[in-house]
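Participant: Fold the following.
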Amino acid sequence: MNGYTIYSYGDLDTLALIFNAIAAMMGGDSYLGAIAMVLILGFFGALIAMAVMKHLYGVQWLIAVFLINGVLLVPKTTVQIIDKTAAQAPVLVDNVPWGIGSLASIVTSTGSGLTELFETAFQTLPAVLTGNGMVTLPGSLTYERTGMMFGATLIQEASKTRFKDPVFETDLGQLHCQLHHL
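Facilitator: Numbers count the residues shown, from 1 in each chain. Now for the predicted structure:
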């Protein structure tokens, strides 16, 4: 695939609709006509400002608009939206402006990479917490698999925890921590 990859943690349909809407708005003749009109009016405004006031502020504005439009919005690319929770198949969206597709890909790839890094680094629970050596969390409890419901899934799984020592389990169940000094 020539294009960019965008990562999502659920709600892939909404993200695909957003990128399809962007592609439809910026790919139509009305958008290109509006941009052409702004550039023509800006050109004449810059000429008038240069002739009357003898400065190039209008030309600088016109060049900036032309470069931003010509480099970021006119070239089109294809984006592939991948749901990291594997709830849905990846979706391809064509004719997305290059600047929007590349920026979204950079941001979501960075977020996905950081998520994987943190999940790898913090997936092992210390022996102090488990009492019997290192224990790794099952893959089904990672944020990458559960998405925004990670906390709810983690709490649900934590409530199923049982200890081998019945006295400790009873004591823990009767513990009501109160912090009077705060």
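
Participant: Which pLDDT value belongs to the residue lying farthest from the centre of the chain?
Facilitator: In the chain, residue 52 marks the outermost C-alpha relative to the chain mean, sitting 47.4 Å out by C-alpha atoms, centre = their mean. The model reports residue 52 with a pLDDT of 85.

Participant: So which bits of the helix or strand encompassing it are buried?
Facilitator: Per DSSP states H and E: residue 52 is located in helix 29-53. By neighbour count on 16 or more other C-beta atoms under 10 Å, the buried set for helix 29-53 is 35, 42, 46, 49. C-beta here means a position set from N, CA and C on the backbone, and glycine is covered the same way.

Participant: Just the closest of the residues you listed to residue 103, please.
Facilitator: Set against residue 103, the nearest of the buried residues of helix 29-53 by C-beta to C-beta is residue 35 (19.1 Å).

Participant: Please look at the closest one and residue 69 and confirm they touch.
Facilitator: Yes: Residue 35 is in contact with residue 69 according to C-beta atoms under 8 Å; the separation is 5.8 Å.

Participant: Report how many residues lie close to residue 27.
Facilitator: Residue 27: 14 surrounding residues under other C-beta atoms under 10 Å.

Participant: List the residues that contact it.
Facilitator: 76, 95 (C-beta atoms under 8 Å, 6 or more residues apart in numbering).
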